[in-house]
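**Student:** this is a predicted model, with the sequence first.
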Amino acid sequence: MAHNLTDQLFDTLETEILKGVYKAGARFPSERVVSGRYGVSRITTRHAFSRLCQMGLLKKVPQSGYFVTDYLTDASVDLLIKIMQSTDSIDKDILFSLLEFRRVNEVHAARKAALAITNEEAGELGLLAEKGQANLENMGVLCDCDYEIHRAVIQYSRNRVLPLLFNSFKPLYRHYVEFFYRLPGAGSHVMPLYKKLAAACGAHDSDYAAHLMDTILSYAENRVKDALTFLENETCVDLAAFRQTNG
């Protein structure tokens, strides 16, 4: 039970820091204050603070207490992975930054994949696109096909690091892709582009493959951003609601 309380407190404090409730450089509330505010023990609070320090969100200064760091300069890749694996909520600006980060990396992956792909792999990519096209009304199959297409392109790029980053993105990816495909016309627009992408990779046309991947992901980003304008006064996206909107 204590472990669950620590997780809950850590997630709450992490979200508050990322939302800017506590500014970089500011003194963070003491263990005593946080314990009283959230009704948890000092031990639970201490464990949560320790994890925030490990993530690079807090810094403990002897005799002075805890201070909020500038996570953009001090935090590690562990924080990025933690954010990408979120299934609760996510800062909207961070979500959009992640989508931009993903687009940059996957455009590069598409270019590399087109140069390294085998005929058999290109055929598998084409079959995934055809399966998605044939299942535009089946949300589960459609989302699975989308995920597998992107996973395959990254795998075929032969880059050893990109698959690790993509795997970390999977929990958030599922929320994002379901939301996207619930938008009117999204599936019918992108699945033909995926078929063209498979053909471009099969023809080893790296420039066109990169262009198609950029077109697909830019379209998806813009549709999602437009659809989230109703949250313009919110700083965080509730991923449970994010997944169900337009359902």
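**Tutor:** Yep, it's here.
**Student:** okay, now the domains of this protein?
**Tutor:** For the chain, the structural domains run 2-75, 79-244, going by automatic domain parsing.
**Student:** mind putting those into a markdown table with mean pLDDT and mean neighbour count?
**Tutor:** Just so you know, the C-beta spots here come from the backbone N, C-alpha and C atoms, and that holds for glycine as well. As requested, these are exported to a markdown table (pLDDT from 0 to 100; neighbours: other C-beta atoms under 10 Å):
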| stretch | mean pLDDT | mean neighbour count |
| --- | --- | --- |
| domain 2-75 | 89 | 16 |
| domain 79-244 | 87 | 18 |
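**Student:** just checking, what packs against the host helix or strand of Glu14?
**Tutor:** Assigning secondary structure by DSSP states H and E places Glu14 in helix 2-19. Helices and strands touching helix 2-19, by 3 or more C-beta pairs under 8 Å, 6 or more residues apart in numbering; DSSP states H and E, are helix 31-38, helix 42-54, strand 89-91.
**Student:** can you tell me the SS state at the residue lying farthest from the centre of the chain?
**Tutor:** Distance from the C-alpha centroid of the chain, by C-alpha atoms, centre = their mean, peaks at Gln63 (37.8 Å). Assigned by DSSP: H, G, I helix; E, B strand; the rest coil, the conformation of Gln63 is coil.
**Student:** now it: phi and psi?
**Tutor:** phi 70, psi 0 (degrees, to the nearest 10).
**Student:** let me have the helices and strands packed on helix 2-19 in a markdown table, extended by distance to Asn105.
**Tutor:** As requested, the helices and strands packed on helix 2-19 are exported to a markdown table (distance: least, C-beta to C-beta, whole Å):
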| stretch | distance to Asn105 |
| --- | --- |
| helix 31-38 | 37 |
| helix 42-54 | 26 |
| strand 89-91 | 19 |
